[in-house]
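Novice: my questions are about this predicted structure, shown below with the sequence.
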Amino acid sequence: MLAKYCPRCNKPFECQIANIAECQCAKVKMSPSLKKWLATHFDNCLCSNCLIQLAEIDRIAQIIPFPKENKDVVMKYHYYIDAGKYVFTELYHYQKNHCCGNKCRHCVYGTQPK
């Protein structure tokens, strides 16, 4: 076992690199699109909680398309309004497919404000 910190949530978890069948990541069902996204955006393992969250975001992304125009943005799925300001969701950031580096509240890349 190898103690690691998740690069997305920064919480500790145990990596079973020597026994992949027992590794926490082997228990999370991931689509090919999520596996590709993870390989593109992370160089290291994520904890099972983050993988489960991302698998759900990826599932919704297959149903709700990324908005090509402002009129296509779907409230609740892509954004919500907090104190009069638009706040983009994890789904929106996931579908955007890159981190802007602004430490967004719902960043899926691990750069949330601390």
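Specialist: Done, it's in.
Novice: what comes into contact with the lowest-mean-pLDDT helix or strand in the chain?
Specialist: Least confident helix or strand, the chain: strand 2-5 with a mean of 80, by mean pLDDT, DSSP states H and E. Outside of strand 2-5, the residues within contact range by CB atoms under 8 Å, 6 or more residues apart in numbering are K11, P12, F13, E14, C15, Q16, I17, N44, C45. Every C-beta, even on glycine, is put in place using the N, C-alpha and C of the backbone.
Novice: pretty sure the first one contacts G110?
Specialist: Yep, that's K11 we're talking about. No: judged on CB atoms under 8 Å, K11 makes no contact with G110 at a distance of 10.9 Å.
Novice: so which of those two has more stuff around it?
Specialist: Just comparing K11 and G110: by other CB atoms under 10 Å the higher neighbour count belongs to G110, 15 against 11.
Novice: helix/strand/coil for that one?
Specialist: Of the three states, G110 takes coil according to DSSP: H, G, I helix; E, B strand; the rest coil.
Novice: apart from its chain neighbours, what residue comes closest to it?
Specialist: R8 (4.1 Å; CB to CB, 6 or more residues apart in numbering).
Novice: check V73 too.
Specialist: Excluding the flanking residues, the one nearest V73 by CB to CB, 6+ apart is P67, at 4.4 Å.
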